[in-house]
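A.B. asks: fold the following.
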Amino acid sequence: MNFALRLLMPLAAIVLTSLAPATTAAETATPAPGPVIASGTVPDEAARAAILGRLRAIYGNDRIVDQLEVGGVLPPPGWTGRVTAALGDNLRQIRDGRLEIDGTRVALSGTVANEVQRQGLVSEIARALSPAYTVNSSLRIGKSAQSTLDDALANRIIEFRSGSATLTPQGIALVDQLARVVRDLGSERIQIIGHTDSSGERLANVALSLARAGTVRDYLVNKGIAAERLSALGAGPDRPIADNASEDGRARNRRIEFRIVR
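C.D. replies: Numbers count the residues shown, from 1 in each chain. Below you'll find the model as predicted:
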């Protein structure tokens, strides 16, 4: 997700902005998440440190671009505490977003996956503030979380070493890309399903498919994805998407699938 936070004069204000990297139709890799730019003016260094600390906890140190200035503004009572409380983890659900807090006026824009996310984000921010704050939302509903995962995988195969659950370097590179997508989906729960072709003994294939799904799950957990969001399933050869009579069909059937769990 790309995001921006801005604080404006004469009252303390911040703007969070996320700038998505441009992609072309020829690109197949999922682009890295863009920077989260924090700009505007805050009343003191303590406010600046609190806001930046919260943003880094949400997005990671590397994505935060600090353009905040200090001093010369008069904040409403309790402003710093309310603003940092409004910066919740669910902001990661927003793509190409912007959060602007100008004194007690709040504006939120960007794209989310569904109406539940849109309403939840606005309610969460409003609860963290107070009735004195006005929250205006222009959040849009984009494609679903499942579509986001499908597009990120883009019919590519997560590769393993032959007959094993060990990822190849190419497989690791693809799972690294998917980790960024899964992280930005927020709290969505995902089932990772392993599949094989029909060659060999069925029970052995089921065991191999489960081991491969487990490898991907463990890798994502090691990349910082919450373990409770991820589960692994081995379907073996039981759900083919192509004819096992050809090598091409068997290659397509040997795959890892990501499914949103409701």
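A.B. asks: contacts only, for S130.
C.D. replies: G78, R82 (Cβ atoms under 8 Å, 6 or more residues apart in numbering). To be clear about C-beta, it is placed using only N, CA and C from the backbone, and glycine gets the same treatment.
A.B. asks: mind doing that once more with 10 Å?
C.D. replies: For S130, the contacting residues are P76, P77, G78, R82, T104, by Cβ atoms under 10 Å, 6 or more residues apart in numbering.
A.B. asks: got it, and P76?
C.D. replies: P76 sits in contact with L11, A12, R82, V83, G103, T104, L129, S130, A132, Y133, where contact means Cβ under 10 Å, 6+ apart.
A.B. asks: next, the closest residue to R259 other than its chain neighbours: secondary structure please.
C.D. replies: On the basis of Cβ to Cβ, 6 or more residues apart in numbering, the spatially nearest residue to R259 that is not a chain neighbour turns out to be Q191, at 4.7 Å. Under the three-state scheme (DSSP: H, G, I helix; E, B strand; the rest coil), the conformation of Q191 reads as strand.
A.B. asks: distance of Q191 relative to D150?
C.D. replies: Remark: distance between Q191 and D150 (Cβ to Cβ, to the nearest Å) = 14 Å.
A.B. asks: give the residues shared as contacts by those two.
C.D. replies: Common neighbours of Q191 and D150, counting by Cβ under 10 Å, 6+ apart, are E257, F258, R259, I260.
A.B. asks: so where do the strands sit in this structure?
C.D. replies: 3-6, 13-18, 36-42, 64-70, 95-102, 105-112, 134-141, 189-195, 230-236, 255-261 (DSSP state E).
A.B. asks: would you map the helices across the stretch 51-200 of the chain?
C.D. replies: The residue ranges that make up the helices of the stretch 51-200 of the chain, judged by DSSP state H, counting those that start in this stretch, are 79-86, 115-128, 145-153, 169-184.
A.B. asks: domains in the protein, by residue range?
C.D. replies: Using automatic domain parsing, the domain ranges for the chain come out as 3-141, 146-261.
A.B. asks: how about those in TSV, adding mean pLDDT?
C.D. replies: TSV is the format used below for those (pLDDT from 0 to 100):
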stretch	mean pLDDT
domain 3-141	80
domain 146-261	93
